[in-house]
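> what follows is a predicted protein model with its sequence.
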Amino acid sequence: MRNIIVVPYNKSWKTEFEKIKNYIWPAIKDISISVEHVGSTSVEGLYAKPIIDMNIVIERDMLPLIINRLADIGYAHEGDLGIKDREAFGYAGKPHLMTHHLYVCPKDSAEHMRQTAFRDWLRTHPEDCEKYSNIKLEMAKKFPHDIDNYIKGKEPVVMEIYKKCGIAPYKFSYRKADINDADILAKIRSKFLAEANDTEAEREQMEAANRAYFEKTLADDSFVAWLALEGNKIVATSGLSFYAVPPHHSNPSRNVAFVMNMYTLPEYRRQGLATRLLEMIVDEAKSRGYKKITLSATEMGRPLYEKFGFKDDSGAMVIYIK
């Protein structure tokens, strides 16, 4: 169980950041622009979780080189974890360094600019720094083991500060997935399987298999996915797999599209995201000439599909496109 611990600002955090930066910088200095201390530990006086957040800022075409250089000093590339233009890197060991989150961002990354604008505002506006500290303490006390509700509870104050410092509030947007999204699609599918009561061991085994599946099928175009995003964060997914069956009078073309990986993070449900994503993948099937779309529905998802026009058919749900 994850514990959410928020502590008073510690002056040593600035020194700890410099120590980590000095450890990393020699390996990357010729292909990087800067290393920025971001997140709550970068703001003097702000209560924070005692973890250093830092962004390596690069020219966009330097990412492959950075991945290799960081690997040489023990940092493994983990992908963007659903946040565009912010690549995460994990590590093991390094007891001489304070616990830290390391990211790499191109200099024009919207996420990096959001983080630095928020940081700089709090550094120069002590009243908002205090207000943000108070809501963090309140939410940590209220939700000591629930990171989703901790984040959601802070949101009104965060949005208020965003407005003051000129950061546009996050709005939902949609995009088609590509092969670079295979990892996050596999991770989100694991969340779906967790709600279906699969064991942790089963989910870990299936996550690797699902990642391989998404990499292959996104590459050969036998699977498409549309994603919903809040800012740069992927909050809902959809998927459509294409295959052929023996011809039938109801489907002489033999082509069938199968809906899968429909999942919305719990805190974003009941906002129309699943409906919009379903519309997008059905339109995708239409554009490819598919007349039959099938799916296996959970009890939670069944009302959505019935409203859309899917009907029960031999244990599955089916819709025929005219």
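In hand now; what should we look at? Numbers count the residues shown, from 1 in each chain.

> so where do the helices sit in the protein?
12-28, 63-72, 110-124, 126-142, 147-164, 182-195, 200-220, 273-287, 302-308 (DSSP state H).

> between the longest one and helix 182-195, how many degrees?
It stands for helix 200-220. 140 degrees (axes from the mean of the first three to the mean of the last three C-alpha atoms, to 10 degrees).

> what comes into contact with helix 200-220?
By C-beta atoms under 8 Å, 6 or more residues apart in numbering, the list of residues contacting helix 200-220 from outside reads 177-179, 181-183, 185-187, 189-190, 193-194, 198, 223-225, 241. (Each C-beta comes from the backbone N, C-alpha and C, glycine too.)

> buried ones among those residues?
Listed as buried from the contacts of helix 200-220 are 177, 181-183, 185-187, 189-190, 193, 223-225, 241; burial here means 16 or more other C-beta atoms under 10 Å.

> in this protein, what secondary structure element scores lowest on mean pLDDT?
Lowest mean confidence among the helices and strands of the chain (mean pLDDT, DSSP states H and E): strand 172-176, at a mean of 81.

> of the buried ones among the contacts of helix 200-220, closest to residue 138?
For the buried ones among the contacts of helix 200-220, the closest approach to residue 138 (C-beta to C-beta) belongs to residue 187, at 29.6 Å.

> can you read off the pLDDT for that closest one?
What the model reports for residue 187 is a pLDDT of 87.

> any low-confidence regions in the stretch 1-150 of the chain?
1-2 (pLDDT under 70).

> which parts of the chain belong to which domain?
Per the record, the chain has its domains at 12-164, 172-320, by automatic domain parsing.

> I'd like those as CSV, with distance to residue 6 appended.
Formatted as CSV, the domains of the chain follow (distance: least, C-beta to C-beta, whole Å):
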stretch, distance to residue 6
domain 12-164, 4
domain 172-320, 20
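
> quick one, what contacts the residue lying closest to residue 84 once chain neighbours are set aside?
Distances taken as C-beta to C-beta, 6 or more residues apart in numbering place residue 232 nearest to residue 84, at 4.3 Å, with adjacent residues excluded. The contact partners of residue 232, by C-beta under 8 Å, 6+ apart, come to 82, 83, 84, 85, 86, 110, 111.

> what is the neighbour count of residue 195?
Residue 195: 11 surrounding residues under other C-beta atoms under 10 Å.

> what distance do you get for it to residue 293?
Distance of residue 195 to residue 293, given as C-beta to C-beta, to the nearest Å: 23 Å.

> what does residue 183 give?
Note on residue 183: its distance to residue 293, by C-beta to C-beta, is 27 Å.

> again with residue 281
Using C-beta to C-beta, residue 281 is found at 8 Å from residue 293.

> list residues touching both of the two?
240, 257, 259.

> ok, so of those, who is nearest residue 53?
The closest of those to residue 53 turns out to be residue 240 (C-beta to C-beta; 36.4 Å).

> burial measure for that closest one, as a count.
Residues near residue 240, counting by other C-beta under 10 Å: 25.

> ok, it to residue 186 distance?
Taking C-beta to C-beta as the measure, residue 240 falls 17 Å from residue 186.

> repeat that for residue 295.
20 Å.

> likewise for residue 277?
Residue 277 sits 18 Å away from residue 186, going by C-beta to C-beta.

> got it, and residue 139?
Distance from residue 139 to residue 186, by C-beta to C-beta: 30 Å.

> so who does the residue nearest to residue 225 when sequence neighbours are not counted touch?
Spatial nearest neighbour of residue 225, excluding adjacent residues (C-beta to C-beta, 6+ apart): residue 177 at 3.9 Å. Contact analysis of residue 177 by C-beta under 8 Å, 6+ apart lists 185, 218, 224, 225, 226, 227, 237.

> sorry, back to before: out of the buried ones among the contacts of helix 200-220, who's nearest residue 165?
Relative to residue 165, the closest of these is residue 181; by C-beta to C-beta it sits at 30.2 Å.

> all set, thanks.
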